[in-house]
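Novice: quick one: sequence plus predicted model below, questions after.
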Amino acid sequence: MNVVEMKGITKRFPGIVANDNIHLTVKEGEIHALLGENGAGKSTLMNILFGLYQPDEGEIRIKGEKVHVTGPSMAGKLGIGMVHQHFMLVDPFTVTENIILGSEPTIQGRIDREKAEREVQEISDRYGLRVDPRARIRDISVGMQQRVEILKTLYRGADILIFDEPTAVLSPQEIDELIEIMGNLVREGKTIIFITHKLKEIMRVCDSVTIIRRGKTIDTLQVKETDENRLASMMVGREVSFDVEKEQREPGETVLSIRDLRVADSRGADAVKGLDLEVRAGEIVGIAGVDGNGQTELLEAITGLRKTKSGRVRLNGKDITNLKPRSVTRSGVGHIPEDRHRRGLVLDFSIGENMVLQTYNLPPFAKGFRLQYSEIQEHAEKLVKEYDVRTPDIHTPARALSGGNQQKAVIAREVERDPDLLIAAQPTRGLDVGAIEFIHRRLIEQRDKGKAVLLMSLELDEVLKLSDRIAVIYEGKIAGWVDPSTAAEEEVGLLMAGGKSGAEVKS
Amino acid sequence: MQVQQRQMRQSPLLTSIVSVILGMLVGAVMMLVAGYNPIQAYIALFTSAFLMPYDIGETIRTITPLILTGLSVGLAFRTGLFNIGVEGQFIIGQLMSVIVALKLDLPPVVHVIVAVIAGAVGGALWAFLPGFLKATRGVHEVITTIMLNFIALYLANTLVRNWLSAGSDSTEKIPESASLRWDVLSSLFGNARIHLGLFLALAAAFVMYYLLWRTTWGFELRSVGFNPQASEYAGMSVKKNLVMSMMISGCFAGLGGATELLGTAEYLSIHGSHTGIGFDGIAVALLGANSPVGILLAASLFGILTYGGSVMQFEASVPYEVIRIVFAAIIFFVAANIVRWAGTKFRKKAVTKDA
Ligand SMILES: Nc1ncnc2c1ncn2[C@@H]1O[C@H](COP(=O)(O)OP(=O)(O)OP(=O)(O)O)[C@@H](O)[C@H]1O
Ligand SMILES: [Mg+2]
């Protein structure tokens, strides 16, 4: 039976048709992938199904009934639940409190906390979510928070679940767990619509896949009858190569040198514990590691966003330890931050303004204290074109861009400044395969131009593919160096888990 | 250029207009219930604000401080701060300018300039403290500015009684050399209390626009207001900008106090409670959508309502309180974003109908 049928859905935003006569049919009990480039209109389509947006044209049938989803509460009644990419949880509240928020079970007007906790525990056990009903949101990991969001939809009786890029924020381990949970959900009769850019995940868990390109439906396929290459080319509209071509190169002078660095995390505990690292001109050094082993603190310390406790950071021989972020930037460091919403963009600023976030007060964007809007615009137009940032125009606030296009905007800005050291933290998170290919080529271009690139990614694939050398970080220290051309994934995996490596490659 | 033009275009002009109409309707209903004729009352209100040159002058005089306090609140809003302390900064502005006016003996033009500057600086310094506390200790500005409003009020009262006058309830009238009134202007408007503060207010509106959207400082102020973490990443000093925007906001409020004192009242008296001009600034900023032009328009409307309303009570014998209800209703409708709400309701209906 078809549980969801969306027919001829069209949605227009100022200057853009986000959904153009889209068809989507989802069968009961399947995991249905929604695949499409950044800005193809996936989130928009799902927001329509969930009642957050109203379509300009088209009809929706849920379990055969024609419906008008007027809002999320209506969607709830129809059994539709959605896990957004950006969570909507109240930090200081417990898991249970967040879940029952808005539909609290009461005895004589008082919240029946015990009953709620029991119910939450029950659902958690049934689907293998492993959530502690009493934990506070601020104390639990991102992956756990996501499971709380899933639990919330289940608690409200959803049997059609929409996951909008759930894996983009997860570490590989957490992704495995999520995939297992998705299996449990389907086994219990739920239907899942799953948005992801990772073709591997589609091949692994999905039954069918609908491909969208520039707001139009391209096709719906059975996953069994297709393969990654075919999906990629259908989605992008051309052949995509998954391999990066990279010539062997002799690295030059040391650009970044870190000695015995110690950095505390936000709670004051040591996160980086005496770390040494060196990146030379013309090489990409990858940092591999399980999330939470000090990567974030390390990068923040280099870029001046976090004070170091001890140790030295040098750039081109100059001491930049504990300099202010602006001085670090001006001495030649570019930084694609891990969290683009929090750090990388001012969402209420236009794309044009975001493109000069660090350079607004330098010529040619400013003459003295006066902003030169014509220069700022020209600059933005150029970057938007060059980096294929899909936006109606450069005056659009960054908030209105699709997730992937926001990321492209940040990358464009940082690479364009042509820094001696480019720090790229999870640069391709949330990007489609076409865009990933493009970004990878850009990073390698920087290296070939003789710049130093420090790449941090939780995706081992990416690190192995791009890096000239890999530093595996474990508990705030470099546990070992690996040569990606010879190393096996297992070897890196072992180091990441804290095991000792047999074949340590010292540079 | 287009960047800000676009921002202006997107300004919720419709919301404001609809809210004003609805607010006045609410006022009309109140009048009907209380047994007054609303049509007669509104006609009296709007005509009396413009009846004679004198009335026009007085209306403009009422509008002037509202522009400045509105800009003060609006600028703070634009940079992510809620400055409820406009009232206190306004009082300090009055106090500083009256001190300069009475205690310093300066030649004519110089005297008034120094007095105005003193008021503006006073307001800025009074706003420095909450800004500083927020930047360094994370104390929320709403709390500190409310407290400082009371401190400002009682400080002014104490100084008026014990230092600026011989134990009386108000100071002497300020000397002519420190007055913002200008004979030519007053005589044009039938000797109304209109004064040069109007031009300072208009200049301040331009300064707000120019500063926020045309300068690198404004870029920082807005950026920090929207997203402190991204601003820090981009190399801006969040703390410095926070204190700066509080001080500029306070400077506008202080200027409002100074011009009101040097132009309208010409003396400072003891107040039992706050003047309300600072709080009206919040309403003006809200209705004006925090944009300089919007604030000018909103201040004009509120000024007309205030002045016209006070005349209306004689003409149509409708109590002045009704006008305050209209104010409150307008603000209610703006804050509730009535237009957007109606828009979605209407759209839903349309969708269901064509099914
Ligand atoms: N609220 C909005 N206002 C204006 N334009 C919007 C809005 N939301 C989305 N868009 C535009 O609609 C298009 C589709 O965006 P959508 O978020 O659906 O893309 P997506 O397929 O989810 O992409 P991604 O994979 O990057 O998340 C984009 O061009 C985006 O800029
Ligand atoms: Mg999306």
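Specialist: Nice, I can see it. Ligands and ions are numbered 1, 2, ... in the order given.

Novice: centroid residue for chain B?
Specialist: B:Thr69 (2.3 Å; C-alpha atoms, centre = their mean).

Novice: any idea how far A:Lys224 is from A:Lys198?
Specialist: Noted for A:Lys224: a distance of 18 Å to A:Lys198, by C-beta to C-beta, to the nearest Å. Quick note: C-beta positions are derived from backbone N, CA and C, even for glycine.

Novice: the more surrounded of those two?
Specialist: Comparing A:Lys224 with A:Lys198 by neighbour count (other C-beta atoms under 10 Å in any protein chain shown), the higher total belongs to A:Lys198, at 20 against 9.

Novice: re earlier: which non-adjacent residue is nearest the residue nearest to the centre of chain B?
Specialist: B:Gly281 (2.8 Å; C-beta to C-beta, 6 or more residues apart in numbering or on different chains).

Novice: what's the helix or strand for A:Leu261?
Specialist: strand A:254-264 (DSSP states H and E).

Novice: secondary structure class of the residue nearest to the centre of chain B, three-state.
Specialist: Following DSSP: H, G, I helix; E, B strand; the rest coil, we place B:Thr69 in the helix state.

Novice: is it true that it touches B:Phe252?
Specialist: Yes: with contact defined as C-beta atoms under 8 Å, B:Thr69 reaches B:Phe252; the gap is 7.5 Å.

Novice: who touches both of the two?
Specialist: When C-beta atoms under 8 Å, 6 or more residues apart in numbering or on different chains defines a contact, no residue borders B:Thr69 and B:Phe252 alike.

Novice: list the contacts of the residue nearest to the centre of chain B.
Specialist: For B:Thr69, the residues meeting the contact criterion (C-beta under 8 Å, 6+ apart) are B:Val86, B:Phe90, B:Phe252, B:Ala253, B:Gly256, B:Ile277, B:Gly278, B:Asp280, B:Gly281, B:Val284.

Novice: top of those residues by number of neighbours, please.
Specialist: Highest neighbour count within these: B:Ala253, with 39 neighbours (other C-beta under 10 Å).

Novice: gap between it and A:Glu225?
Specialist: 70 Å.

Novice: go on, B:Val98?
Specialist: Counting by C-beta to C-beta - B:Val98 and A:Glu225 are separated by 86 Å.

Novice: next one: A:Ala135
Specialist: Taken as C-beta to C-beta, the span from A:Ala135 to A:Glu225 is 43 Å.

Novice: residues in the stretch 351-500 of chain A within reach of ligand 1, list them.
Specialist: A:Arg390, A:Thr391, A:Ala400, A:Leu401, A:Ser402, A:Gly403, A:Gly404, A:Asn405 (C-beta under 6 Å from any ligand atom).

Novice: how much space separates the fifth one from A:Thr486?
Specialist: Counting by C-beta to C-beta, the gap from A:Ser402 to A:Thr486 is 39 Å.

Novice: those two: which has the busier surroundings?
Specialist: A:Ser402 (23 against 9).

Novice: quick one: average pLDDT of stretch A:89-101?
Specialist: Here stretch A:89-101 scores 83 as its mean pLDDT.

Novice: hang on, the earlier thing: which of the residues of the stretch 351-500 of chain A next to ligand 1 come close to ligand 2?
Specialist: The residues of those that also fall near ligand 2, by C-beta under 5 Å from the ion, are A:Gly403.

Novice: poorly predicted segments of the chain, please.
Specialist: Looking at chain A here, since you left the chain open. Scanning chain A with the threshold set as pLDDT under 70 gives A:102-109, A:500-507.

Novice: look at chain B instead
Specialist: Using pLDDT under 70, chain B drops low at B:1-11, B:338-355.

Novice: run the last query once more with 80
Specialist: B:1-12, B:314-316, B:336-355 (pLDDT under 80).

Novice: can you list the buried residues in the lengthiest helix in it?
Specialist: Determined from DSSP state H, the single longest helix within chain B is helix B:108-137. Buried residues in helix B:108-137, counted by 16 or more other C-beta atoms under 10 Å in any protein chain shown: B:111-112, B:114-127, B:129-135.

Novice: stretch A:88-107 too?
Specialist: So, applying 16+ other C-beta under 10 Å, buried residues of stretch A:88-107: A:Leu89, A:Thr94, A:Val95, A:Thr96, A:Glu97, A:Asn98, A:Ile99, A:Ile100.

Novice: how about residues contacting it?
Specialist: A:111-113, A:115-117, A:119-120, A:131-138, A:140, A:145, A:148-149, A:151-152, A:155-156.

Novice: what's the answer for stretch A:380-398, then?
Specialist: Looking at what lies outside stretch A:380-398 - C-beta under 8 Å, 6+ apart - the contacts are A:13-16, A:38-39, A:345-352, A:354-356, A:377, A:400-402, A:405-406, A:408-409, A:411-413, A:416, A:435, A:438, B:2-3, B:6.

Novice: tell me how many other residues surround the residue of the stretch 151-300 of chain A with the smallest separation from chain B.
Specialist: Of all residues in the stretch 151-300 of chain A, A:Glu300 sits closest to chain B, at 9.4 Å by C-beta to the nearest C-beta. Using other C-beta under 10 Å, A:Glu300 has 24 neighbouring residues.
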